[in-house]
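> would you be able to build a 3D model of this:
(2 chains)
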Amino acid sequence: MSDTIAAHGRADLGSADLGSADLGSAVGNRAARESRDARQDGTAAAAVAAWDAPDGRRLLQLALGASWLLDAVLQGQSSMFTRAFARMLADSASGNPAFVASPITWSAHIIGHHVAAANLVFATVQLLLALGIALRPTVKIALAASVAWSLAVWWLGEGLGSVLTGNASPVSGAPGAVIIYALLGVLLWPARTDRPAAFAAGRSVGAPTARVLWLVLWGSLSFLSLQQAVRSPRGLSSMISGMAAGEPGWLAVTDTRVGALLARHGLAASIVLAVTLGVIAAGVYLPTRAARAAIVLAVFVALAIWVAEALGGVLTGSGTDPGSGPLLALLAVAYWPSGAVAGPAAAGRDVRRAVR
Amino acid sequence: MTRPTLLGYLLAAIMIVTAAYCLGRLAVARLRRRPAEPDADTAHFVMGVAMAGMLVPRLDWLPDGAWVVVFAAAFAWFGWRLVGACRGHDAGRRATQHAPHLLASSAMLYMFLAVSPAGARQAGAGSGRAGPAMPGLVMGGQPAIARFPVLAFALALALLGYVVWVMDRLPSLAPVSILRLAAAGEPIPAEINWPAGMTAADAGDAAGRPARAPAGCGSAVRPRPPRQPPLSPQQAPLSPRQPPLSPRLAACCEIVMGIAMGYMLIAML
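Predicted coordinates:
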């Protein structure tokens, strides 16, 4: 049996350098060449993959894989095997335009008839995505599949994060955790040839595109904070207080007190939140030090959002994901300007000058 | 039988298979004198049996108190080894071999200790199990109510993170065929990654020392070791030594155990 596994392992090694190809440096390319040469030797001994310690992007990929694994485990909770799960999906249709709501209602209806089987499939898919991202030879196919899966779930499971309903707020989880999974899947893609970028998120799509994506995401969060329903006097307050139900005592008390604190100050709180999110959105265009400050602010805001959304409800036994907070924080870390421009073109450059 | 019960049976079956494999590793290592990591394999065996019993109460054949003692002992053992590793040479690497077992032991201990008696009674009533209910999961009954849910969540996060970490290293673990080459003193590439705590010398080098059990060969691999000169046939030992048991399968056991344990912790919330 051991030999079989060993042989299987060797067969997998044909693409073992995919994960390490993200090194995007002379060292990474040399490692990939060595790995190819070793395979061409044809000996069993030579076919063993050399393990490269994960770089920043690989660590972020692993964090993404761990998030998917947590999602898979959450999907296996008892409550997900009941019709309550199908009802939860159907509820996401409310307030959405017909072209969004109809497919949601249709899919929730089908899932409701086969809820246990469907849920088992969902949990299995997420488990495979997690393991695929964590395993270097399959990281590309798993990331591609995760993007497709995320987009489908964003529509059919989350109603596009309610962004078209007029009630969505970053505090209530908008624009949806799952769309951030998709974004991370794109930004952390291990491209064969990396583009020069000072942060991990820019190495696959390029720094300008990555910055635009950041601006759109955080800018839209800022916009959502100023919607009519959110900026009403008790809008934010009732949103946060409503998250307390079913939570452990300390979290319920925290959310209730924060809600009470914001009562009657909805407009001011919304404006402060929108300005803060706007600063974060523009932060990646600032010089390195200011950009880092913006990233730190983004992490703090993401954690505050996580607490406000009651940790995504994971402690109640009915949460399907950890919420948008941890993913926003993970995304922020992916934009941390390291001060070194990674990528082939960056070799030998004065990296600090390049960053500025 | 509801679907969650079916899932519970499925997971219990996987746990039993895993436990049986670990028991087999212990037996083969003993009978054929193959280097292994007996404490890790023993811990996996015991954890597999205990988790199967938590998932399907009919498979539970020890009182709760006995399980608590067993996992407290495992916790103390791996804690002691971790402390010892931190003091010795190459502390960081050796510590990472024992920390995951300590984490798993503490998770098991938590699952047995943190369920409120009321929750355990409810769970037992749902399972039809006689006597005091096994704390933890009973899929067919009421969910057990865990105290300190944040701790359960934190333990689950740590275990799932460790699973991902092991998965990342899985393809680079030296397969048994390579270990056999090394044990026989054949030339081996310098690039290969040995199981944690193992070097070419462990698998059988020219010194003629008995091959020692590589500490943590069931654990995640360590980063690429310093390059060693390939062993020449002249350096081969007089009698070929036995290679250690498959590190990849041992890592797979850790992955399966970690996912199941993480799932059970989350299901207790």
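> tell me which other helices or strands the helix or strand containing B:H101 touches.
Using DSSP states H and E, B:H101 sits within helix B:91-113. If contacts are counted by 3 or more Cβ pairs under 8 Å, 6 or more residues apart in numbering or on different chains; DSSP states H and E, helix B:91-113 sits against helix B:38-55, helix B:64-87, helix B:149-169, helix B:247-267. In short, each C-beta sits where N, CA and C put it, glycine included.
> what angle separates it from helix B:38-55?
Computed by axes from the mean of the first three to the mean of the last three Cα atoms, to 10 degrees, the angle separating helix B:91-113 from helix B:38-55 equals 30 degrees.
> thinking again about what came up before, would TSV of the helices and strands packed on helix B:91-113 with mean pLDDT and distance to A:L89 be doable?
Shown next, in TSV, are the helices and strands packed on helix B:91-113 (pLDDT from 0 to 100; distance: least, Cβ to Cβ, whole Å):
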stretch	mean pLDDT	distance to A:L89
helix B:38-55	92	28
helix B:64-87	90	38
helix B:149-169	94	24
helix B:247-267	92	20
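> among those, which is nearest chain A?
helix B:149-169 (3.5 Å; Cβ to the nearest Cβ).
> that closest one - contacts with which helices or strands?
On a contact count with 3+ Cβ pairs under 8 Å, 6+ apart, helix B:149-169 meets helix A:56-75, helix A:115-134, helix B:91-113, helix B:247-267.
> try 10 Å
helix A:56-75, helix A:115-134, helix A:249-262, helix B:91-113, helix B:247-267 (3 or more Cβ pairs under 10 Å, 6 or more residues apart in numbering or on different chains; DSSP states H and E).
> now the ones you listed in a markdown table, with distance to A:L213?
As requested, the helices and strands packed on helix B:149-169 are arranged in a markdown table below (distance: least, Cβ to Cβ, whole Å):
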| stretch | distance to A:L213 |
| --- | --- |
| helix A:56-75 | 15 |
| helix A:115-134 | 20 |
| helix A:249-262 | 30 |
| helix B:91-113 | 36 |
| helix B:247-267 | 31 |
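> can I get stretch A:250-257 in PDB, CA atoms only?
Taking Å, rounded to 0.1, in the frame of the first residue of the first chain, the C-alpha atoms of stretch A:250-257 are listed here in PDB:
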ATOM      1  CA  TRP A 250     -20.200  38.000  26.000                       C
ATOM      2  CA  LEU A 251     -20.700  38.500  22.300                       C
ATOM      3  CA  ALA A 252     -24.500  39.200  22.700                       C
ATOM      4  CA  VAL A 253     -23.700  41.800  25.400                       C
ATOM      5  CA  THR A 254     -21.100  43.400  23.200                       C
ATOM      6  CA  ASP A 255     -23.300  43.700  20.200                       C
ATOM      7  CA  THR A 256     -26.300  44.800  22.200                       C
ATOM      8  CA  ARG A 257     -24.200  47.600  23.900                       C
END
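> can you tell me the average pLDDT over it?
Averaged over stretch A:250-257, pLDDT sits at 88.
> buried set for that stretch?
Using 16 or more other Cβ atoms under 10 Å in any protein chain shown as the test for burial, stretch A:250-257 gives A:L251, A:A252, A:T254, A:D255, A:T256.
> does chain B have contacts with that stretch?
Yes: contact of stretch A:250-257 with chain B (Cβ under 10 Å from any Cβ of the partner chain) involves A:W250, A:L251.
> ok so, going back, how about the helices and strands packed on helix B:149-169, which one is nearest A:R192?
helix A:56-75 (13.6 Å; Cβ to Cβ).
> and that closest one, what does it pack against?
helix A:115-134, helix A:139-156, helix A:177-187, helix A:202-205, helix A:324-334, helix B:149-169, helix B:247-267.
> and if we set it to 8 Å?
Short answer (3+ Cβ pairs under 8 Å, 6+ apart): helix A:56-75 packs on helix A:115-134, helix A:139-156, helix A:177-187, helix A:324-334, helix B:149-169, helix B:247-267.
> which bits of the stretch 101-250 of chain A sit near chain B?
Taking Cβ under 8 Å from any Cβ of the partner chain as the contact definition, the stretch 101-250 of chain A meets chain B at A:A116, A:A117, A:N119, A:L120, A:L127, A:A130, A:L131, A:A134, A:L135, A:R136, A:P137, A:P248.
> show me which of those are buried.
Neighbour-count burial (16+ other Cβ under 10 Å) is assigned, among those, to A:A116, A:N119, A:L120, A:L127, A:A130, A:L131, A:A134, A:L135, A:R136, A:P137, A:P248.
> who's in contact with the closest residue to the fourth one other than its chain neighbours?
Read it as A:L127. Nearest non-adjacent residue to A:L127, counting by Cβ to Cβ, 6 or more residues apart in numbering or on different chains: A:A72, 4.0 Å away. By Cβ atoms under 8 Å, 6 or more residues apart in numbering or on different chains, the residues touching A:A72 are A:A123, A:T124, A:Q126, A:L127, A:L129, A:A130.
> ok, the buried ones among the residues of the stretch 101-250 of chain A next to chain B vs A:A152, which is closest?
A:N119 (15.4 Å).
> residues contacting the residue nearest to that closest one when sequence neighbours are not counted?
Setting aside the residues directly before and after it, A:N119 is nearest to A:M80 in space (Cβ to Cβ, 6+ apart), at 4.9 Å. Residues counted as contacts of A:M80 (Cβ under 8 Å, 6+ apart) are A:L74, A:N119, A:A123, A:T320.
> and the third one, what does it touch?
Right, the one you point to is A:A123. Shown in contact with A:A123 (Cβ under 8 Å, 6+ apart): A:A72, A:Q75, A:G76, A:M80.
> now swap in the second one and tell me
Listed by Cβ under 8 Å, 6+ apart, the contact set of A:N119 reads A:Q75, A:M80, A:F81, A:F85, A:I111, B:R3.
> could you rerun that using 10 Å?
Residues near A:N119 by Cβ atoms under 10 Å, 6 or more residues apart in numbering or on different chains: A:75-77, A:79-82, A:85-86, A:111, B:3-4, B:7.
> ok, of these, which one's closest to A:R292?
A:Q75 (35.9 Å).
> and the closest one, how many neighbours?
Each residue near A:Q75 was counted by other Cβ atoms under 10 Å in any protein chain shown, and the total is 23.
> go on, A:S92?
Around A:S92 there are 23 other residues, counting by other Cβ under 10 Å.
> so it makes contact with A:G176?
Yes: using Cβ atoms under 10 Å, A:S92 is in contact with A:G176, at 9.4 Å.
> which residues do these two both contact?
Common neighbours of A:S92 and A:G176, using Cβ under 10 Å, 6+ apart, are A:W155, A:G157, A:E158, A:G159, A:L160, A:G161, A:S162.
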